[in-house]
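Asks: Just a sequence and a predicted model for now, questions to come.
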2 protein chains.
Amino acid sequence: MKTSISLEEAQSSLLELVQPVKQSQVSLFDAVGRVLCRDIQSGVNLPTFNKSPLDGYALQAKDTEQAELSNPVILEVIEEVRAGFMPENKVISGSTIKVMTGAPIPEGANEIVKYEDVKREGNFIKLFYPLTPGKNVIQAGEDVLQGETIAQRGTLLTPPLVGLLAAIGVAEVPVYEKVKIAILSTGDELLDPSKELLPGKIYNSNLHSLGAFCSQLGAEPISMGIVPDEKDAIVERITQALKESDLVITTGGVSVGDYDVVPDALKQIGADKIFWKVDMKPGSPVIAAKQNNKLIIGLSGNPAAALITFDLIVVPLIKKMMGLEKQFPAKIFAILTENFNKPSQQRRFLRAKVQRNNEVNYVKLTGEQSNGVLKSMIDCNALIDVPAGSGPLIAGQEVSAVVLGNDHGSFIGEV
Amino acid sequence: MKTSISLEEAQSSLLELVQPVKQSQVSLFDAVGRVLCRDIQSGVNLPTFNKSPLDGYALQAKDTEQAELSNPVILEVIEEVRAGFMPENKVISGSTIKVMTGAPIPEGANEIVKYEDVKREGNFIKLFYPLTPGKNVIQAGEDVLQGETIAQRGTLLTPPLVGLLAAIGVAEVPVYEKVKIAILSTGDELLDPSKELLPGKIYNSNLHSLGAFCSQLGAEPISMGIVPDEKDAIVERITQALKESDLVITTGGVSVGDYDVVPDALKQIGADKIFWKVDMKPGSPVIAAKQNNKLIIGLSGNPAAALITFDLIVVPLIKKMMGLEKQFPAKIFAILTENFNKPSQQRRFLRAKVQRNNEVNYVKLTGEQSNGVLKSMIDCNALIDVPAGSGPLIAGQEVSAVVLGNDHGSFIGEV
């Protein structure tokens, strides 16, 4: 087992141990936010037939060659076709078929003239200028050709892509299953927020914040509840969690104190430890182990530390298991707008908010940076990456930051 | 009824007619992505009691005033307290209580000395240097003070906020109900993608793309299916949709052709028409009406036009109904990287993709721009806003664009 490794080593050593989860399929109505598990080729041309882009008359363009204002060409209207219906007749020289927007181009016709550009008299229309064949025709396959790959494995299903799948007649979509993530919190001091607060106890936030994080990613959180700091109880609960999930996350009990029993529990289960402790603050006591091809990641019990290590170490794993191609968050540079007076002996991630102004990224701290403080996570959309051995940070200096995905569509410049 | 109004007039005239939907509450496990319907004040200090940030010994700092390496102070260890438990004794001068990380500070103690900094001998510890009161104590209320507003009405519930609510003991969260959006597609030519393709028919994509869009926003789409181009059928289906939803969206049948019967259907229902036709391409024939305080918005049946007008006109409405404070997408400037050779008589929105490079936004078109073409919506993360009366666009020129929210965390600079 490695110890005190770099964040990057922790990320890559875990990432190579996971694969996308099983393939499945869902109905189009449930497909948005899921990930394609195979390439999608279109079985049809889109549109499937040549069709009219407007309300008008289908005709043979060569019939109009001699047309002029003073000497109009006259064609007989032999049929009318609405969108959704097939013409019963062919267009032959001297005849025309009225077509509505979206109607198929009748056999024999090669152009549509607009309603407004002809004069209708009884069953005849008068045309006053020559027409170009094919100008007002939507060609079959203009949008998508039969056999064309419209989306590749690993693509996140967005609303337009769901629409395109519908348009080519894919009603059941091949997607990866939802990744099942079991979360359990260890600690004698923990109470669920639905319970009455007792002296010396605190409400457990980790189960809820990490569960919400999993839901937001499109994974399925499974709450394994709160477990006391007792090795046997933790062994039993992790064993159960491994049965029910693809990935097990624990919080608390990973330091080196007398009651930090998660490492011992992992040993008793027989899990292969991959690493313990990552060179970063907050959250350094992360432990990772593998049992029967499933990973168990033990995070710090400190709420902010748990969220930050989840963001940096666990989210890329979940994304790979979901089948997504892009797993790591964006890195940016930004100008710090305030001082941070503490030196950083260890590599440190500071909770911060990046905003753009005049094409420049500015970053400010979101408040108290202690391990346990949650409030400064609320407005946090980025983590300033402070290298080990840094002195105090000064307003105006450029810093590097990792962009977090939890600010829903506010936009920052990616490096 | 107004006609051929500007996009901005369409947006504002509708926005003033809607309000956030009813208030409700959900369990913390279901809260992420929902919107708070009232301010949340904390009922407790967070942490709720003074506690130890480390494993150590709780003592009275004044006992250590004379401590030095050659002349250590000796204290008697009278108890041991784990996180989650209350001390049974007070710390008095000459005594100390062993405390684990997260344990309450015992009465009488005002500082914690680290494990590693003392020498334990039986029931006694030796201290070698003076300590500062309060240095190693996490104060009650350090994160959140009792009575403090931790989040305001209109706030989207993110994972850290869900965690903070858990930490202050909020197990049921006051949120707005999910906005129910009924969607129906009109058109004799339409088939559901689950059906066999028939001559002259096409698969309906709008119900699926718009439904997926609603789901992604956190609203609840209700499929009202496909309705033929018959006024009575449309009247009946819209009437049903109004009963089941907060907002009704239709696609198709809003132009001025012989079979565009949605405007007539709205008239028959007795709905007050608000406007018909917006000065923009694609999607201009949008119609909006109000019946019993509910809006009915009729969009073009062309797939791309429907999606773009949904993005620009309907999404802000849904966001206001969800209770969100920010309703409009970001506007940016970007450098166009290719020519667009057509002049734009009307204001036009072009499907495009913005990417940043060296702190500059670059924008390219995502393909064919015809009303019906869906493929160019797939990679689209922005719409170039081309003013009416523009000539062809030239590579290298600066353009204005509206950023769409469907690219999940790829980041662009906001103006």
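Replies: Cool, got the structure.

Asks: State which helix of chain A is the longest.
Replies: helix A:231-244 (DSSP state H).

Asks: The following helix or strand past it relative to helix A:231-244, how many degrees between them?
Replies: Next along the chain after helix A:231-244, taking DSSP states H and E as the criterion, comes strand A:247-251. Taking axes from the mean of the first three to the mean of the last three C-alpha atoms, to 10 degrees, one finds that strand A:247-251 is oriented at 150 degrees with respect to helix A:231-244.

Asks: same for strand A:247-251, what does it pack against?
Replies: The helices and strands touching strand A:247-251, judged by 3 or more C-beta pairs under 8 Å, 6 or more residues apart in numbering or on different chains; DSSP states H and E, are strand A:180-186, helix A:206-217, helix A:231-244, strand A:294-299, helix A:315-322. Every C-beta, even on glycine, is put in place using the N, C-alpha and C of the backbone.

Asks: ok, 6 Å please
Replies: Under the contact definition 3 or more C-beta pairs under 6 Å, 6 or more residues apart in numbering or on different chains; DSSP states H and E, strand A:247-251 sits against strand A:180-186, strand A:294-299.

Asks: Just put the ones you listed in CSV and tack on mean neighbour count.
Replies: CSV is the format used below for these (neighbours: other C-beta atoms under 10 Å in any protein chain shown):
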stretch, mean neighbour count
strand A:180-186, 25
strand A:294-299, 24
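
Asks: Count the residues that sit near the closest residue to residue A:204 other than its chain neighbours.
Replies: With C-beta to C-beta, 6 or more residues apart in numbering or on different chains as the criterion, residue A:204 has its nearest non-adjacent residue at 4.0 Å, and that residue is residue A:190. Applying other C-beta atoms under 10 Å in any protein chain shown, we find 26 residues neighbouring residue A:190.

Asks: what's the answer for the one 5 residues further on, then?
Replies: Residue A:195 has 14 neighbours, counted by other C-beta under 10 Å.

Asks: Report the secondary structure state of it.
Replies: Under DSSP: H, G, I helix; E, B strand; the rest coil, residue A:195 falls in the coil class.

Asks: Quick one: residues contacting the single nearest residue of the stretch 1-150 of chain A relative to chain B.
Replies: Closest to chain B within the stretch 1-150 of chain A is residue A:84: 3.2 Å, counting by C-beta to the nearest C-beta. Contact partners of residue A:84, counting by C-beta atoms under 6 Å, 6 or more residues apart in numbering or on different chains, are B:188-189, B:200-201.

Asks: So which of these wins on neighbours?
Replies: Going by other C-beta under 10 Å, residue B:189 tops the contacts of residue A:84 with 25 neighbours.

Asks: Nearest residue to residue A:50 in space, please, no chain neighbours.
Replies: Among residues not flanking residue A:50 along the chain, residue A:105 sits closest, at 4.2 Å (C-beta to C-beta, 6+ apart).

Asks: For the stretch 51-200 of chain A, just list every one of the helices.
Replies: Remark: helices assigned in the stretch 51-200 of chain A by DSSP state H, counting those that start in this stretch are A:159-167.

Asks: check contacts around the residue nearest the centre of chain A.
Replies: Per C-alpha atoms, centre = their mean, the C-alpha nearest to the average position across chain A is that of residue A:156, at 5.3 Å. By C-beta under 6 Å, 6+ apart, the contact list for residue A:156 reads residue A:35.

Asks: try the one 5 residues further on
Replies: Under the criterion of C-beta under 6 Å, 6+ apart, the neighbours of residue A:161 are A:151, B:378.

Asks: on that earlier part again, need the pLDDT of the residue of the stretch 1-150 of chain A closest to chain B.
Replies: In this model, residue A:84 is scored at 95, pLDDT.

Asks: can you list the domains in chain A?
Replies: Per the record, chain A has its domains at A:2-22+A:177-322, A:24-43+A:154-176, A:56-127, A:331-403, by automatic domain parsing.

Asks: Of all those, which one is nearest residue B:183?
Replies: Among the domains of chain A, the nearest to residue B:183 by C-beta to C-beta is domain A:24-43+A:154-176 (10.9 Å).

Asks: And that closest one, end to end?
Replies: 6 Å (C-alpha to C-alpha, to the nearest Å).

Asks: Am I right that residue A:264 sits in a helix?
Replies: Yes: judged by three-state DSSP, residue A:264 forms part of a helix.

Asks: So which residues on the stretch 151-300 of chain A come close to chain B?
Replies: Counting by C-beta under 6 Å from any C-beta of the partner chain, the positions of the stretch 151-300 of chain A adjacent to chain B are A:158-164, A:166-167, A:169, A:171, A:188-189, A:193-194, A:199-201, A:203, A:205, A:208-209, A:212-213, A:215-216, A:257, A:259.
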